[in-house]
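Participant: I'll drop the sequence and a predicted model, then ask my questions.
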Amino acid sequence: MNEIIDIYCERTGPGLLAEPLNFLTNAAFLLAAFLAWRLARREQVVGWESLLLIGLMASIGIGSALFHSFATLWAMLADTLPILFFQIVFVNVYGRRVMGLCCWRNSALLALFLVMVAGVGMLPQEWLNGSISYAPALLFIAGLSLYHLASGKRKPYALLAATGLFSVSLTFRSVDMAVCSMLPVGVHFFWHLLNAGVLYLALHGLFANMQKREQI
């Protein structure tokens, strides 16, 4: 559990400060979470679903910061699990509150996503420097963005912009180790900066279209 995991260009050895850029840029997730909370208040959708998503967004930044500090298995789980949970909750809430799916249809949508995640999990995880694991998320956000645009939702381009930005951030994540000889610090930190924008845009499209206003 405490063996050092060295899978990023910036890390050159053990130590809490071995990945300063990869550590510091996780603050972008905390900023995005704060802006998403302000957005939820403006759209009058502050409730358990929106707060859960905002909390998970903040947890992504905290978990990633832990992983880029300690680089151990437990820290990797602290990094990856909030990302997976955010995706699951987002698909579930979007299906119910924006698409208006009934319980079984929404369950089928979520099951499709989980099957895709499990299927990709059986592929060699070193493909694309590990970015292959995010293929289901990219495909789903792309599909939802087309639905969002075609159905005339408010903020029609929010999810489309999130899809485009996610594609760019995945590219940076995928080439991180390949550019070490040219750029010793790597480019993984761009993954953090851009993905904070991806999550904010995704919540922007969601919060603007929740069918029932929720209050706490």
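Facilitator: Done, it's in.
Participant: where does residue 14 land in three-state SS?
Facilitator: Classification of residue 14 by DSSP: H, G, I helix; E, B strand; the rest coil places it in coil.
Participant: heads up, I number from 59, so please use that
Facilitator: All right, first residue 59 from here; so that's residue 72.
Participant: For it, list the residues it contacts.
Facilitator: Going by C-beta atoms under 8 Å, 6 or more residues apart in numbering, residue 72 touches 62, 129. Just so you know, the C-beta spots here come from the backbone N, C-alpha and C atoms, and that holds for glycine as well.
Participant: Now do it, the pLDDT please.
Facilitator: On pLDDT, residue 72 comes in at 82.
Participant: So it versus residue 167, what's the distance?
Facilitator: For residue 72, the distance to residue 167 (C-beta to C-beta, to the nearest Å) stands at 43 Å.
Participant: Repeat that for residue 156.
Facilitator: Separation of residue 156 from residue 167 (C-beta to C-beta) stands at 12 Å.
Participant: Same check on residue 245?
Facilitator: Distance, residue 245 to residue 167, using C-beta to C-beta: 33 Å.
Participant: residues near residue 64, how many?
Facilitator: Look at residue 64: counted by other C-beta atoms under 10 Å, it has 13 neighbours.
Participant: That should have said residue 75, apologies.
Facilitator: Using other C-beta under 10 Å, residue 75 has 8 neighbouring residues.
Participant: Enumerate every residue touching it.
Facilitator: Counting by C-beta under 8 Å, 6+ apart, residue 75 touches 81, 127.
Participant: residues in contact with residue 246?
Facilitator: Listed by C-beta under 8 Å, 6+ apart, the contact partners of residue 246 are 66, 67, 68, 80, 230, 231, 234.
Participant: Let's see which of these end up in helices.
Facilitator: Among the contacts of residue 246, the members found in helices (DSSP state H) are 80, 230, 231.
Participant: quick revisit: out of the contacts of residue 246, which are buried?
Facilitator: 66, 67, 68, 80, 230, 231, 234 (16 or more other C-beta atoms under 10 Å).
Participant: which residues does the fifth one contact?
Facilitator: Contacts here follow C-beta under 8 Å, 6+ apart; on that basis residue 230 touches 245, 246, 248, 249, 252.
Participant: With secondary structure and pLDDT added, can I get the residues you listed in CSV?
Facilitator: Below are the contacts of residue 230 laid out as CSV (DSSP: H, G, I helix; E, B strand; the rest coil; pLDDT from 0 to 100):
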residue, secondary structure, pLDDT
245, coil, 97
246, helix, 97
248, helix, 98
249, helix, 97
252, helix, 98
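Participant: Could you list the low-confidence segments of this structure?
Facilitator: Low-confidence segments of the chain (pLDDT under 70): 59-60, 269-274.
Participant: Against which helices or strands is the longest helix seen in it packed?
Facilitator: Determined from DSSP H, the single longest helix within the chain is helix 131-155. The contact analysis (3 or more C-beta pairs under 8 Å, 6 or more residues apart in numbering; DSSP states H and E) places helix 131-155 against helix 106-128, helix 161-179, helix 193-208, helix 246-265.
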